[in-house]
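>>> What follows is a predicted structure for the sequence shown.
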Amino acid sequence: MPLYEITTDNIKAIPSTSFVEAGVKERNDLQRLLRDRIEILVPDGMVIAEEFGDWEDAKRRIDLLVLDKNANLVVVELKRTEDGGHMELQAIRYAAMISTMTFEQAVRAYSQFLEPQGKEDDAKEAILNFLSWEDVDEEHFAKEVRIALVSAEFSKEITTAVLWLNQQGLDIRCIRLKPYSLEGRLLVDVQQIIPIPEAAEYQVQLRKKEERSRLSKKMNWDEAKFFPELKNKAGDKAAEIAKELLEWSRPLVDYVWFGEGESIGSFTPTVKVEREKYHLFAVKTHGKIVFRFSELKHRRNFQDERNRLILLEKLNQIPGVNFPLENLQGHHKIPLRLLEPPESLDQFKDTILWMISLVKGEGKGQNILE
């Protein structure tokens, strides 16, 4: 439907045009301008990357990667064509590839995004401030990936596919940018056509209701639930080792936090130093101990790469453990069964004592290989 201009004695149509006719390029013009006014497309959104392609064996790049206030990622795919091409297929691929992004990876992407703009913002602090988080909450980061398709027009094939995909639980929005020419000026009519705004609000409320229903089913783990599940999945011996680690660590830490995973339970001995929380390790009901190096690297005493390296070296002294020393981020897992020999369990405990001493400032920690 065209736009109309009302004058004192007439209503006349404003002629439509195309971005190609207007000489508007897709990346250098349209993408650049929308990047700096992302609220036009994603209200309460924050662009954390442009032309993002930080994955292996893939040459494709996300036009704009956005973070919303709910800590969800939004893949923005732009086209200046009149039918949208095959943008929905591209965006779905991108959403799948980006779905495993961690908070740390988002920080790195945002830091790389800021660098060529000459901005010196602290990427981590900027994201935390945007989300109104005091600390990193990896469990609630990027739980969903939304898609925003932006084009001058959409073919019937795209709109049909998007409507069907949204019925399957995806969150895909089609935003039409229709250009008009008025006395040498280029005007753009921005309309969200799928879902229409009224339906969009209804769908948001429906998803919230489903989320509340899902959360109500979330398991609140405690000892009574944790250990039978661990025994069932990993055996009696694993449960015995986990029980000993729990009882041994309790008097050494500030508290032990039991997780709220729907299918996997955990307990995490935690030391609190001022406002920082150090999750020393997590024991999971699938029978493994997890060290979150991606989280530790943001804690004061482990920002120094050497201390993370020492931790890896200490863990590698346990027979059967062989973590690559160059991997100082991500999650490292140790099967509980490897701690069955008493000397292996003692080595593990010594490592945890070293961590506690380091974070409490009682010792600087020395490399055991020196």
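Now that the structure is in, tell me what you want to look at.

>>> burial count for I6?
By the criterion of other CB atoms under 10 Å, I6 has 8 neighbours. The C-beta positions use only the backbone N, C-alpha and C, and glycine is treated the same way.

>>> partners of it in the sheet?
On the basis of DSSP bridges, I6 is bridged to I11.

>>> Low-confidence regions, the stretch 1-150 of the chain specifically.
In the predicted model, the stretch 1-150 of the chain carries pLDDT under 70 at residues 1, 55-59, 84.

>>> where do the strands sit along the stretch 51-200 of the chain?
62-68, 73-78, 145-151, 172-182, 185-194 (DSSP state E, counting those that start in this stretch).

>>> So in that sheet, which strands flank the helix or strand T268 falls within, and in what orientation?
According to DSSP states H and E, T268 maps onto strand 266-273. Using DSSP bridges, the neighbouring strands of strand 266-273 in the sheet come out as strand 255-258 (antiparallel), strand 276-279 (antiparallel), strand 282-284 (antiparallel).

>>> Comparing these, which comes out most buried?
Per-residue neighbour counts averaged over each of those give the maximum for strand 282-284, namely a mean of 23 (mean count of other CB atoms under 10 Å).

>>> Show the average pLDDT along that one.
Averaged across strand 282-284, the pLDDT comes to 94.

>>> outside of that strand, which residues touch it?
Where contact means CB atoms under 8 Å, 6 or more residues apart in numbering, the residues beyond strand 282-284 that reach it are 230, 242, 245-246, 259, 264-268, 289-290, 292, 336.

>>> After that strand, heading C-terminal, what element do we hit next?
Immediately after strand 282-284, counting by DSSP H and E, sits strand 288-292.

>>> Where do the domain boundaries of this protein fall?
Using automatic domain parsing, the domains assigned to the chain come out as 3-216, 223-359.

>>> Tell me how far the shortest one lies from the chain's centre.
If I follow you right, that is domain 223-359. 23 Å (CA atoms, centre = their mean, to the nearest Å).

>>> repeat for stretch 87-107
Its chain's average C-alpha position is 9 Å from that of stretch 87-107, according to CA atoms, centre = their mean.

>>> That stretch: end-to-end distance?
Distances were taken as CA to CA, to the nearest Å; on that basis the terminal residues of stretch 87-107 are 27 Å apart.

>>> just the angle between the strand holding T268 and strand 288-292, please?
Interaxial angle of strand 266-273 relative to strand 288-292 (axes from the mean of the first three to the mean of the last three CA atoms, to 10 degrees): 30 degrees.

>>> And the contacts of strand 266-273?
With CB under 8 Å, 6+ apart, strand 266-273 has contacts from 221, 226, 242, 246, 249-250, 252-259, 277-285, 290, 300, 352, 356, 359-361.

>>> and the helix or strand hosting I241, what does it pack onto?
When secondary structure is defined by DSSP H and E, I241 falls within helix 236-249. When contacts are defined as 3 or more CB pairs under 8 Å, 6 or more residues apart in numbering; DSSP states H and E, helix 236-249 sits against helix 223-234, strand 266-273, strand 282-284, helix 342-359.

>>> rerun at 7 Å
helix 223-234, helix 342-359 (3 or more CB pairs under 7 Å, 6 or more residues apart in numbering; DSSP states H and E).

>>> so can I have TSV of the strands of the stretch 51-200 of the chain showing mean neighbour count?
Conversion of those to TSV gives the following (neighbours: other CB atoms under 10 Å):
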stretch	mean neighbour count
strand 62-68	24
strand 73-78	24
strand 145-151	24
strand 172-182	19
strand 185-194	14
